[in-house]
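Novice: Fold the following and give me the result.
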Amino acid sequence: MSQAVFNFITDKPSNRIRVERSFNAPLDLVWSAWTEADLLDRWWAPKPYRAETRSMNFSVGGQWLYCMIGPEGDRHWCLFNYESIEQQKRYSGYDAFCDETGAINQTKPRVDWNNEFASTGPDSTMVTMHLQFQSLADLETIIQMGFKEGFTMGMENLDEYIAAQFYLRRQKKTTVSPRVSTYVNFPGNTEEAFRFYQSVFGTAFIHGIQRFGDIPADPGQPPMSDKVKNLVLHVELPLLGGHVLMGTDAPKEMGFTVTPGNNMHINLEPDSREEANRIFHALAEGGSISMPIQDMFWGAYFGSLTDRFGINWMVNHQTKENQ
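Specialist: Alright, predicted model coming up:
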């Protein structure tokens, strides 16, 4: 893993900021992380804040309405209007503070964004952001609000997420043989829960427990806290008849919120892309799709939904070339 490039250049005479940031992931995967609401919610906000999307339409003329939620539950709303898009090359638009309905707050700075994406290798991508302000006062206000520090933390969240997902796939999925499993999330007590299930079923964890601290350290990133290091990244426990229960911690420190009803999925791993498509769309009929099935940046063809009976499903086909 190479050290991330990060250049933050302020050009006050032109009321501009230029940011260059590299990521250790291929272009298509980084593009997804910047343009899909579910993934943006995982990393966009600096800790201890988290991002939550109310609505998103990633198309020219579309909008992303989201809020930053603080540790005390305070909400700060923003709106991004998409003005131009070239798939996997660039997109532009403006970002502004607003209320929960999307009505722009005219007293706060508005920022015009032009984000460019370029592949720099098989597993590396450079993102260059051009931020244009209407006045020097607006630029300085944003800087004083901690934009550089907050944006840096958000991109470090994305680094952690990318590293975790690649580590997970490389360690656990060694074949494309089809299988069905159940995937559960806990807010920080996954190990306690799985040791309880282990005592009930008398089975052993597959390849032990992987923790966030097992992810290879990136010298270009700040170290994780000891608390996060000890959390469960992934664990698998056979139950009965070959059925595997999988789990992970989804802590608030990484922008997750676990509530009853969204903490369990039946995970299907078909042996072909075509079968993944068939199953996904059949289950979605009459239900609601939480993430359309698509190529994901960790190398899987993945989608999730809630069926007409309220049951959560994940359909996850891992391609051979990404094992």
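
Novice: Measure how far stretch 56-75 is from the centre of its chain, please.
Specialist: Here stretch 56-75 shows a centroid-to-chain-centroid distance of 14 Å under the convention CA atoms, centre = their mean, to the nearest Å.

Novice: what comes up buried for it?
Specialist: The neighbour-count check on stretch 56-75 (16 or more other CB atoms under 10 Å) flags 56, 58, 63, 64, 65, 66, 67, 68, 69 as buried. C-beta here means a position set from N, CA and C on the backbone, and glycine is covered the same way.

Novice: Just list whatever residues bridge to the first one.
Specialist: It stands for residue 56. Using DSSP bridges, the bridge partners assigned to residue 56 are residue 64.

Novice: that older thread, residue 34: which of the buried residues of stretch 56-75 is nearest?
Specialist: When those are ranked by distance to residue 34 (CB to CB), residue 58 comes first, at 9.5 Å.

Novice: For the closest one, which three-state class applies?
Specialist: At residue 58 the chain is in coil, as set by DSSP: H, G, I helix; E, B strand; the rest coil.

Novice: now it, nearest residue through space, not along the chain?
Specialist: The shortest distance from residue 58 to any non-neighbouring residue, by CB to CB, 6 or more residues apart in numbering, is to residue 35 (5.1 Å).

Novice: any idea how far residue 44 is from the one you found?
Specialist: When distances are taken as CB to CB, to the nearest Å, residue 35 and residue 44 turn out to be 12 Å apart.

Novice: Between these two, which is the more surrounded one?
Specialist: The neighbour count for residue 35 versus residue 44, taken as other CB atoms under 10 Å, is higher for residue 44 (26 against 19).

Novice: and that one, what is it in contact with?
Specialist: With contacts defined as CB atoms under 8 Å, 6 or more residues apart in numbering, residue 44 is in contact with 51, 66, 154, 157.

Novice: Please apply the same query to residue 141.
Specialist: Applying CB under 8 Å, 6+ apart to residue 141 gives the contacts 108, 109.

Novice: looking at this, it is in a helix?
Specialist: Yes. Going by three-state DSSP, the assignment for residue 141 places it inside a helix.

Novice: thinking again about what came up before, need the contacts of residue 44 in CSV with pLDDT, can you?
Specialist: Putting these into CSV (pLDDT from 0 to 100) gives the following:
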residue, pLDDT
51, 87
66, 95
154, 83
157, 80
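
Novice: tell me the two of the residues you listed that are most distant?
Specialist: For the contacts of residue 44, and using CB to CB, no pair is farther apart than 66 and 157, which are 14.6 Å apart.
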